[in-house]
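Participant: Sequence first, predicted coordinates after that:
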Amino acid sequence: MREKGRFIVGWTALLLLGVWSLQAAEPGSPGLQDNLMEGISKKVFDSVVKVEARNGFKKVATGVVIDKDGYIVTTGLIWPLNKEIVITTADGKRSEAKFLGMDPETHLALIQAKEKNLTPISLGKTEGLSPGSWIGVISVSPENAAQATQGIVSSVTPERLRLNVWVTRGASGSPVVNKDGQMVALLRGIYSEDQPVLFEFREQEVVGSGYIFNTAEAPSSGMALGIPVEMVRTISAEIKEKGKVSRGWVGIAFSENEDGQVEVNNVEKDSPAELAKIQEGDILVSIDGKKVAGAPMVRSDIRGRKPGQDVKLEILRDGKKVETKVKLGEYPEREARRELEVRFPRLFPAPPTAPAPPAREAVPETPPKPEKAPRPPRVMAERYGTWPGWEKRKYIGVYMESLNKELLEFFGVKEESGLLVNRLTKDGPAEKAGVRVGDVVVRVDGKKVDTVGGLSEVMQDKKKGDKVKLEIIRDKKPLTLEVEISEEEGPSISNFFRAEPYRETWGEVTKELQRQYDRSRKDYEKYSETYRDKMKDLSKELLDQYQESYEKAKGLYEDSKSKGRLRKLLSDRNRVVYRA
C-alpha cells in the first residue's frame, strides 16, 4: 500500500511539472520573448542605419531603409540647414546622404543615401495592434552595434502609437516592429508632451555676473511615441514627390486658459486668421461643427488639412458666438523651424546675428576709421584650484529677461528678439544713464542680443569706464542711451575648477595640496570680512528693490483696465502655447 502511494505521488509530481512546463512555453513568456527579440534583431538590423548631421557639432539619430533606392526615414530633429549628413550601415559602411524634406507635424524626415545596396525593411500594418500588443524597437548603440528593447503598445490612434518601452538617446527614427519583424511605426521620441515632469529655476541674471539659472525638464520615463507605418508611407511618398509635406495653416497662437477653453493668444500679420478677422482673446468652440476638445486637437485638425481648404470656425467673443470661414494657407517652413528652435533649443541653436550695417554718412569720402587694436589675452590667476578666488567683472546694473513673440508685440518691438529690463541696481550705471524698468533692449553697440548671457559677454569684453550704446524701445518708440561700464570684485567659481598642473611624485602632490590650503586660508581671512559686508549690502538692496517691485506690481494689478492685457500675457507664459 505504501508503494502504491509512492507511485501515485510520483505521477502527480510529473503531471504538475508538465503543466508548469506548458505554461512556461506560452508565447507571451519572458523566455520565448527574449528568443523572439534576438531573432528579430538579427533580421531587422541590416535595415537600420545611424544618421549623423554635422556642422560645428553633431546630431545623431537612427534611420530605417524603406526601399532599394536608398530612401531612409528618420526624425526631423536632424534637419540640417546646409549641414553634412552621413549614414553608417550595420556592417560599418559610411555614405553621404541628401536631406529631401521634413513634415512639420510628425517631425518625420526623408533622406536618400548615395549607397544604393541597402536592405529595405519589411513594412507591416497597425491593423491588429491593440493595448498590450508586443512590440520591439531596434536602434544603433553609441558603439555602432545593434541595440534592442521591447515593450507593449499603450494606445493606438490613426495619428500615433503610445508605447510602453524604454528608449535611449539617439533612438529617435528607429523602427518599431511586430513579432514578424515588420515595421509598424517609426519611433518619434519619448512621450513628454502633455504632462512633463518639470522643475524650473527662473532665468534671472545680473548682467556681468556670469550666473544663469534656467529651466530643465524630465521626460515621462518608459513612455514613447511612434508614427504609424501608414502615415510613414504617405508622408515619405509626398516628400519624395514634392520635397515637403503641405500642411494647413491659419496663423494663430493659442493655449488652454484656466477654464480649459482654447483661447487665441496671437494672430499673425497677413495670415488667413487676420483676413478672417479672428482676434486675440477669441475662444475656439468648434471646427466644421466638431466641438473643440483641447489645444492639441485644434493643431492636429488644422495641420491635418490641406492648404486652400475652407474651414468654418465657431468662436466665442465677448460672450457671444460668432461664425467665420477661413481659407487655410500653407504652414510656412519658417514656422516649423521656429517651433523646433523653441522646443529643442540645444538641437537648433539660433544662428549668430550679424552686426547692423553702418549708416551711410552724408559727407563724401569719409576717411576710414583706424582698426581697433586687438584685445590683449586674458591672464589667468596664479593660483590653481583654490577657493574662494576673486575676480573683477564688468556690469551696468540691470536685471533682464528674454521676451516671447507676444510680449515683443505688446511692447512695440519689431525686432525678432529683445531683453526686458525688470529691475535696476539703485544708483547703478544704467539707472544714472536713464534706463527704466519696462525698457526693452534690442541692440547693444549695433549688435542684436538674444539672451541675457549674450549681453553679459559684451559687458566682459569692455573696460571699466568704456561706454556701451543701448538701443531700446520705450513706450513703443526707439531710444538710444549710452551707459558707462562699471566694475566690481566677486568670487571666481571658474577658478576653482581650473586644471591642476601635472606633478611627477606623490610627495610633490602633497606639498602642492598644502600650498593650496595655505593660500586658501589666507584668501579666506583676507576676503571673508569684505565679502560678508558685500552680502549684507546686497541683501538690503534686494529687499528694497523687491519692496519697490511689489508696490509697482500692486499698482499694475489695481490698474486692471489699462494693464489687463499685460497681466494676461505674463500669465500666459506658464501655459503650453500651440500654433496652427
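Facilitator: Received the coordinates, thanks. The structure displayed is predicted, hence computed values, not measured ones. Numbering: from 1, shown residues only.

Participant: correct me, but residue 76 touches residue 108?
Facilitator: Yes: the criterion here is CB atoms under 8 Å, and residue 76 meets it with residue 108 at 6.2 Å. Using the backbone N, CA and C atoms, a C-beta is placed for each residue, glycine as well.

Participant: Can you check which residues contact both of these two?
Facilitator: When CB atoms under 8 Å, 6 or more residues apart in numbering defines a contact, the residues bordering residue 76 and residue 108 alike are residue 102.

Participant: Select the longest strand from this protein.
Facilitator: Across the chain, the longest stretch assigned as strand under DSSP state E is strand 146-156.

Participant: for residue 109, helix, strand, or coil?
Facilitator: On the three-state scheme (DSSP: H, G, I helix; E, B strand; the rest coil), residue 109 is labelled strand.

Participant: wouldn't it be in contact with residue 78 here?
Facilitator: Yes: the criterion here is CB under 8 Å, and residue 109 meets it with residue 78 at 6.6 Å.

Participant: Buried residues, the longest strand of the chain. List them.
Facilitator: Going by neighbour count (16 or more other CB atoms under 10 Å), the buried part of strand 146-156 is 147-151, 153-154, 156.

Participant: Closest one of those residues to residue 291?
Facilitator: The closest of those to residue 291 turns out to be residue 156 (CB to CB; 22.8 Å).

Participant: Which residue is the nearest non-sequential neighbour of the closest one?
Facilitator: Spatial nearest neighbour of residue 156, excluding adjacent residues (CB to CB, 6 or more residues apart in numbering): residue 129 at 5.3 Å.

Participant: Which helix or strand lies directly C-terminal to the strand or helix carrying residue 297?
Facilitator: Taking DSSP states H and E as the definition, residue 297 sits inside helix 295-303. Counting by DSSP H and E, the element after helix 295-303 in chain order, helix or strand, is strand 310-317.

Participant: Now do that following strand: everything it contacts.
Facilitator: Residues from elsewhere that reach strand 310-317, judged by CB under 8 Å, 6+ apart: 248, 250, 261, 276, 278-279, 281-289, 302, 305, 321-328.

Participant: Out of these, which sit inside helices?
Facilitator: Counting by DSSP state H, the part of the contacts of strand 310-317 found in helices is residue 302.

Participant: Now list the buried members of the contacts of strand 310-317.
Facilitator: Buried members of the contacts of strand 310-317, scored by 16+ other CB under 10 Å, are 248, 250, 261, 276, 278, 282-285, 287, 302, 305, 324, 326, 328.

Participant: what is in contact with residue 109 and residue 78 at once?
Facilitator: Both residue 109 and residue 78 are contacted by residue 99, under the criterion CB under 8 Å, 6+ apart.

Participant: Spit out the contact partners of residue 137.
Facilitator: Contact partners of residue 137, counting by CB under 8 Å, 6+ apart, are 148-151, 163, 165, 167, 171, 174-177, 187, 224.

Participant: Look up which residues are beta-bridged to it.
Facilitator: As for beta bridges, residue 137 partners with residue 149, residue 176 under DSSP bridges.

Participant: now do residue 52
Facilitator: Per DSSP bridges, the residues bridged to residue 52 are residue 60, residue 86.

Participant: Next, count neighbours for it.
Facilitator: Neighbourhood size, residue 52 [other CB atoms under 10 Å]: 19.

Participant: returning to that earlier point: going on from the longest strand of the chain, what's the next piece of helix or strand?
Facilitator: Per DSSP H and E, strand 146-156 leads on to strand 161-164 as the next helix or strand towards the C-terminus.

Participant: what's the least confident helix or strand in this protein, going by average pLDDT?
Facilitator: Here the helix or strand of the chain ranked lowest by mean pLDDT, DSSP states H and E is strand 197-200, holding a mean of 32.

Participant: Would you mind measuring the gap between the ends of stretch 115-129?
Facilitator: Taking CA to CA, to the nearest Å, the first and last residues of stretch 115-129 lie 34 Å apart.

Participant: thought residue 324 was touching residue 279?
Facilitator: No: checked against CB under 8 Å, the pair residue 324 and residue 279 is beyond contact range at 10.2 Å.

Participant: pLDDT below threshold where in the stretch 401-550 of the chain?
Facilitator: Applying pLDDT under 70 to the stretch 401-550 of the chain picks out residues 489-514, 516-517, 519-550.

Participant: any chance you could map the helices in it?
Facilitator: 405-410, 429-433, 452-460, 493-496, 506-558 (DSSP state H, counting those that start in this stretch).

Participant: Now tabulate the buried residues of strand 146-156 in CSV and tack on pLDDT.
Facilitator: Listed next are the buried residues of strand 146-156 as CSV, based on pLDDT from 0 to 100:
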residue, pLDDT
147, 86
148, 89
149, 89
150, 90
151, 92
153, 93
154, 91
156, 91
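
Participant: Switch these over to a markdown table; also include distance to residue 294.
Facilitator: Formatted as a markdown table, the buried residues of strand 146-156 follow (distance: CB to CB, whole Å):
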| residue | distance to residue 294 |
| --- | --- |
| 147 | 35 |
| 148 | 35 |
| 149 | 31 |
| 150 | 32 |
| 151 | 27 |
| 153 | 23 |
| 154 | 19 |
| 156 | 19 |
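
Participant: ok, now which ones touch residue 165?
Facilitator: For residue 165, the contact set (CB under 8 Å, 6+ apart) comprises 135, 137, 149-152, 222, 224.

Participant: The same query, at a cut-off of 10 Å, please.
Facilitator: 135-137, 149-154, 171, 176, 187, 222-224, 226 (CB atoms under 10 Å, 6 or more residues apart in numbering).

Participant: one step back: buried residues, the helix holding residue 297. List them.
Facilitator: By neighbour count on 16+ other CB under 10 Å, the buried set for helix 295-303 is 295, 297-303.

Participant: what does stretch 251-261 give?
Facilitator: 251-257, 261.

Participant: shaky segments in the stretch 51-200 of the chain?
Facilitator: Scanning the stretch 51-200 of the chain for pLDDT under 70 picks out the ranges 55-57, 80-83, 191-200.

Participant: same thing but at 50, please
Facilitator: 193-200 (pLDDT under 50).

Participant: just the stretch 201-350 of the chain next, same as before
Facilitator: 201-220.
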